[in-house]
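S.K.: I would like the atomic coordinates for the input below:
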Amino acid sequence: TSDIAWLQAMLDAEAGLARALERAGLAPAGSGSAVTEVAQAGNFDAAEIGELAALTGNPVPALARALARRVPQTAAGAVHRGATSQDIVDTAAMLLARRVIDVVLADLAQAAAAAAGLADAHRSTIMIGRTLLQQAVPVTFGLVAAGWLTSLDEARGGLAAVGSQRLAVQFGGAAGTLASLGEDGPRVVALLAEELGLAAPVLPWHTDRLRIIDLATALARVTAALGKIARDVTLLAQS
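M.R.: As a prediction, the model looks like this:
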């Protein structure tokens, strides 16, 4: 379910942070693997964490406490160290976005291949063209399918660019200063990004939502490309 996916994404962010802290020398050896082993959604009661979230406005404080209780005592200090709730929520959103983008890109690749096949097979198939939804001069179905292919490819390119360039970890701690980690803060950010396979931002982006807007825009372009195909198909069903 979506709740479990969100829970696992937040746990993945917490586990990645523990591994980064260990690599930075800020947590005992073995802390990262210990937290990662426990950080599985099946080990937690999502409903209980959801209820506790009502007390703090988000689920991260309850989740971090539950995670710290479940790991060995030597690794507990690596849980959520230096982080604030928004760090975990935003990073989890980026992890979920990456998974969604991978699935959508695969589906779009199949749709584009199908459109390319139709464009090739029907390059000479005559059909009624339309202007303002009214019947107009003849066109070929191959041209229509080529239009589908072009829009699908453009949507794929935009979404792929967001996936490769705009999905970044968010890690700034309280007020985005990284102060609690001292001089090690920037290195932990870089290591966290490496652990999670996300980009390392120049600065914490907790107050800069352009990454979210870019993702939404790319997904909207996908929707527009697919919606155009759906509309054309309904028109083809008319006389």
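
S.K.: and whichever strand or helix holds Lys228, what does it pack onto?
M.R.: Assigned by DSSP states H and E, Lys228 belongs to helix 210-236. Packing partners of helix 210-236 (3 or more Cβ pairs under 8 Å, 6 or more residues apart in numbering; DSSP states H and E): helix 85-121, helix 141-165. C-beta here means a position set from N, CA and C on the backbone, and glycine is covered the same way.

S.K.: okay, angle between it and helix 85-121 too, please.
M.R.: Relative orientation of helix 210-236 and helix 85-121, computed by axes from the mean of the first three to the mean of the last three Cα atoms, to 10 degrees: 30 degrees.

S.K.: what residue is smack in the middle of this protein?
M.R.: Ala97 (1.1 Å; Cα atoms, centre = their mean).

S.K.: ok, that residue to Gln40 distance?
M.R.: Distance, Ala97 to Gln40, using Cβ to Cβ, to the nearest Å: 21 Å.

S.K.: where in the protein is pLDDT low?
M.R.: Scanning the chain for pLDDT under 70 picks out the ranges 1.

S.K.: let's see it at 90
M.R.: For the chain, the stretches with pLDDT under 90 are 1-3, 130-135, 235-239.

S.K.: report the buried residues of the host helix or strand of Gly16.
M.R.: Gly16 is located in helix 2-23, with elements delineated by DSSP H and E. Within helix 2-23, the residues that qualify as buried are 6-23, counting by 16 or more other Cβ atoms under 10 Å.

S.K.: tell me which helix or strand comes right after that helix.
M.R.: Following helix 2-23 in sequence, per DSSP H and E, is helix 31-38.

S.K.: and that following helix, what does it pack onto?
M.R.: helix 2-23, helix 60-70, helix 73-76.

S.K.: switch the cut-off to 6 Å
M.R.: Helix 31-38 sits against helix 2-23, helix 73-76, with contacts defined as 3 or more Cβ pairs under 6 Å, 6 or more residues apart in numbering; DSSP states H and E.

S.K.: who wins for proximity to Leu55 among these?
M.R.: helix 2-23 (16.9 Å; Cβ to Cβ).

S.K.: ok now that closest one, how far from the chain's centre?
M.R.: 14 Å (Cα atoms, centre = their mean, to the nearest Å).

S.K.: likewise stretch 224-237?
M.R.: The chain centroid and the centroid of stretch 224-237 are separated by 27 Å under Cα atoms, centre = their mean.

S.K.: may I have the phi/psi pair for the most far-flung residue of the chain relative to its centre?
M.R.: In the chain, the residue that sits farthest from the middle, by Cα atoms, centre = their mean, is Val137; the gap is 44.0 Å. In terms of degrees, to the nearest 10, the main-chain angles of Val137 are phi -70, psi 160.

S.K.: do Ile126 as well
M.R.: phi -80, psi 140.

S.K.: any idea what it is bridged to?
M.R.: Thr140 (DSSP bridges).

S.K.: neighbours around it, how many?
M.R.: Using other Cβ atoms under 10 Å, the number of residues around Ile126 comes to 11.

S.K.: from Leu210, how far off is it?
M.R.: 47 Å.
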